[in-house]
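Peer 1: Following is a predicted model, sequence given first.
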Amino acid sequence: MASCIINARNKYYLPKQVASSTQNFETDHFSYNHQTNSIDCKLLSTNIYQPFFLHLYPDIIHEHQLTDDMLDVIRSYTNSRTNDCYVKTNLNLLSAHFDDIDWIYVNKLRSFIRGLVQTNIRPMYYRGLQLSDTEIKYYMERKGSCYYTNSFLSFTTDRLLIYDGNAMLILKTERSSEKAKKNVANICKWSTYSEEKEALLCVGTRLNVESVHYYGCRWEIEVELMEDEDDI
């Protein structure tokens with residue numbers, strides 16, 4: 001979902017093919033540019049993660065029912081400044097490196113998001129990111145059609161708090177069904193950094209690209225949260 005620069009911290013969580021490559025190459029899920037030492041993530045037309053999804057927590061979770069295990073999962077993910085849980089989980093998912101993915105952790109995090117009972121889903125969420133020209137092109141080619149997210153995505157309810165990249169992803173939920181809204185959760189209450197006003201979107205969520213335009217000093221990409229008939 002964003003251009004990834006390979007560095008000493010994250011190279012261990014990418015396929016060996018990437019870490020050791022001396023030339024450009026492309027897969028169904030990403031393209032690797034050796035000159036810039038970066039990965040451009042493609043937009044998935046199918047949910048390649050669906051066969052691995054399991055419910056590990058109850059389908060309905062009220063706040064008073066949150067367990068220590070559930071809270072540990074969300075706090076370890078949001079505490080990205082002191083551990084590699086966030087980096088490891090999402091890079092393995094982005095590169096479709098299935099053998100190295102911790103599916104128990106992924107399914108716990110996904111089950112937490114989808115099970116949490118919420119009445120305060122916002123009509124819009126915002127995510128700042130750095131996209132390559134190639135990734136901007138991917139979005140432009142998908143205008144009016146859907147894709148599936150290839151990692152967990154952090155958003156904020158306050159557009160003034162977004163990461164200062166060259167693009168902003170605007171997630172719209174106002175017309176979304178209740179089933180679709182299960183894939184997003186406001187987690188700031190339990191996040192390590194509550195001041196970020198964070199919301200988290202599930203991996204494998206179906207989104208429709210409504211518009212892609214350049215406004216002011218960054219690209220703005222509007223996507224709508226969609227229901228997926230195969231969702232479990």
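Peer 2: Alright, I've got the coordinates. Residues are numbered from 1 along each chain as shown.

Peer 1: What's the mean pLDDT across stretch 96-109?
Peer 2: Mean per-residue pLDDT for stretch 96-109: 90.

Peer 1: distance between the ends of that stretch?
Peer 2: 18 Å (Cα to Cα, to the nearest Å).

Peer 1: for the chain, which spans come out with low pLDDT?
Peer 2: 1-12, 15-16, 19, 81-83, 232 (pLDDT under 70).

Peer 1: tell me the helices in it, going along the chain?
Peer 2: Counting by DSSP state H, the chain has helices at residues 16-19, 68-78, 85-94, 103-115, 133-141, 178-181.

Peer 1: what packs against the fourth one?
Peer 2: Spelled out, that is helix 103-115. Packing contacts for helix 103-115, counted by 3 or more Cβ pairs under 8 Å, 6 or more residues apart in numbering; DSSP states H and E, involve helix 68-78, helix 85-94, strand 184-186, strand 198-201. Any C-beta I mention is one placed from the backbone N, CA and C, and that applies to glycine too.

Peer 1: For those, give me a markdown table that also has mean neighbour count and distance to Leu109.
Peer 2: Output for those, formatted as a markdown table (neighbours: other Cβ atoms under 10 Å; distance: least, Cβ to Cβ, whole Å):
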| stretch | mean neighbour count | distance to Leu109 |
| --- | --- | --- |
| helix 68-78 | 17 | 5 |
| helix 85-94 | 20 | 8 |
| strand 184-186 | 23 | 10 |
| strand 198-201 | 24 | 8 |
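
Peer 1: Please, where are all the strands along this structure?
Peer 2: Ranges of strands within the chain are 4-5, 25-26, 30-33, 38-41, 124-129, 146-148, 153-156, 167-172, 184-186, 198-201, 206-215, 218-225, based on DSSP state E.

Peer 1: Tell me which of the helices and strands packed on helix 103-115 sits nearest to Ile162.
Peer 2: strand 198-201 (11.2 Å; Cβ to Cβ).

Peer 1: strands paired with that closest one, and their directions?
Peer 2: strand 153-156 (antiparallel), strand 184-186 (antiparallel) (DSSP bridges).
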